[in-house]
Structure formats: C-alpha cells, structure tokens
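Colleague: below are the sequence and a predicted model; questions follow.
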Amino acid sequence: DAGVTQSPTHLIKTRGQQVTLRCSPKSGHDTVSWYQQALGQGPQFIFQYYEEEERQRGNFPDRFSGHQFPNYSSELNVNALLLGDSALYLCASSLVVSSYEQYFGPGTRLTVT
Amino acid sequence: DQQVKQNSPSLSVQEGRISILNCDYTNSMFDYFLWYKKYPAEGPTFLISISSIKDKNEDGRFTVFLNKSAKHLSLHIVPSQPGDSAVYFCAASAIGNQFYFGTGTSLTVIP
C-alpha cells in the first residue's frame, strides 16, 4: 500500500521564480493538505483540497496556490519566491475532509537563493 | 500567533526511564489533540491522540494526558527506548478546522 509521495525531494530556486511541488495521496485518500515547515518550527497549515476545491486556507498570501486533480493528487504552486519561502513543504492526506487522521509524505525541501 | 506551544526544544532521557513531553495551547475551542513523531528526512508519523472529552489515552508505552483547565497536554513514554529518539510535535484542532502544530521537542534517549 503506497503511502503519501512527494516530488521532487529537493529543489533550489532563485528569488522571484515560480515553483510547483507535487503530492500523491495515500491510496484511497481523497483529501490533501499542504504544510510549510520552516527550520526550527512546526508545520504550518497552508491549505486543504477536497473534491478538487480549496476547502480551508491558513494565513498564507495569494502567492501560494494549489490544485487537486480528479485522481486526488495535488500541486502546490508558489509565485514570486522570497528567501523566506525556504522551508520543508509537507503534504498530508486523509480519507475524508474532516478526518483527524492525516498521513504525511516525506516533504520537499525548497531552498530559495 | 502561536496557539500551540512546546517550550522545551530538547530533552535527554536515559534508556528505560520515563520521557515526559509537554505542550500548552491557548485556544479553548480545540477539541482534538495529537502527537506526531518525526525522524530526519521523513514526514511526521501519527503517534497518539486524545479527544477533549477524555483526560487520558494510553497506547502501549505511550500515554497522553489532557488537562483542559490548564490548557496543557503531555506525552509520557515508558520505558523510553533509543528508537524513540526523534522530534515530537503536538498538534491541536477545533472540529473540522485546520491543525495547529507546536515547534517540536527533540527527544534523545541515551542507551
């Protein structure tokens, strides 16, 4: 049973560029949430997707956007990258949108120079 | 606005002894609390949870205690094992809403 997978593992971008991160949820899961974990901090909720729509959003600017596909996989897009966007981006999936039980992927390490 | 706080960045414990990790929260609407364990280069893994209607939940060597009046929860690991060495995050949620995570406590269990 495949768990949550994320790609790429690492990424280096320059300020001002745009980046797309990808996530495939655990088999059978239909809800995907994205988190940003800065160094020395806990994961911070960015947004959640269910039925291809953004259902909840944390305190992140519009530069952060996402998408969910019919197969439940998801993308996180960040435009106009800032140095402060350097972080580990975690994807978590769950069976239903209100489920407390989330499974996390290994994350994508984004470095902005 | 840090709604979930873990004030101890690190903790060292001798193998076989008890590890106690603490977490405080500020939002009285939180009704579900979880502990996650994270190894380097891996995503957080769910460890144990507790609903606000309970004050204790036990799963093997892991027990979570919830004190609603103090807005405090703790994770007890007994006995501690070297494989328990990891970063532990507590998280909280109000029903149907997003999870708020603490900053984590790095536990080292010394053989």
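Modeller: Perfect, I can see it now.

Colleague: residues from chain A in reach of chain B?
Modeller: A:4, A:33, A:35, A:40-45, A:48, A:56, A:58, A:90, A:92, A:97-98, A:100-107 (CB under 8 Å from any CB of the partner chain). For glycine as for every other residue, the C-beta is placed from the backbone atoms N, C-alpha and C.

Colleague: please redo it, this time with the cut-off set to 10 Å
Modeller: Contacts of chain A with chain B, taken as CB under 10 Å from any CB of the partner chain, map to A:3-4, A:6, A:9, A:33, A:35, A:37-38, A:40-48, A:55-59, A:88, A:90-92, A:97-107, A:109.

Colleague: among those residues, which lie within strands?
Modeller: By the criterion of DSSP state E, membership of the residues of chain A next to chain B in strands covers A:6, A:33, A:35, A:37, A:44-48, A:55-57, A:88, A:90-92, A:103-104, A:109.

Colleague: for the chain, give me the ranges with low pLDDT.
Modeller: The chain I'm using is chain A. Counting by pLDDT under 70, the ranges of chain A that qualify are A:1, A:97-98.

Colleague: oops, I was thinking of chain B
Modeller: Counting by pLDDT under 70, chain B shows low-confidence ranges at B:1, B:96.

Colleague: please enumerate the strands of it.
Modeller: Under DSSP E, chain B gives strands at B:4-5, B:10-14, B:19-25, B:32-38, B:45-51, B:56-59, B:62-67, B:72-77, B:86-93, B:99-101, B:105-110.

Colleague: strand partners (parallel or antiparallel) of the longest one?
Modeller: According to DSSP bridges, strand B:86-93 has the following sheet partners: strand B:32-38 (antiparallel), strand B:99-101 (antiparallel), strand B:105-110 (antiparallel).

Colleague: can you give me how far it is from the chain middle?
Modeller: The chain centre lies 5 Å from the centre of strand B:86-93; the measure is CA atoms, centre = their mean, to the nearest Å.

Colleague: which residues of chain B lie near chain A?
Modeller: B:1-2, B:4-6, B:9, B:31-34, B:36, B:38-39, B:41-46, B:49, B:51, B:87, B:89-91, B:93, B:95-104.

Colleague: 6 Å - rerun?
Modeller: B:32, B:42-44, B:89, B:96, B:98, B:101-104 (CB under 6 Å from any CB of the partner chain).

Colleague: for stretch B:8-19, the distance to its chain's centre please.
Modeller: Counting by CA atoms, centre = their mean, stretch B:8-19 comes out at 13 Å from the chain centroid.

Colleague: give the buried residues for it.
Modeller: Across stretch B:8-19, burial judged by 16 or more other CB atoms under 10 Å in any protein chain shown covers B:11, B:13, B:19.
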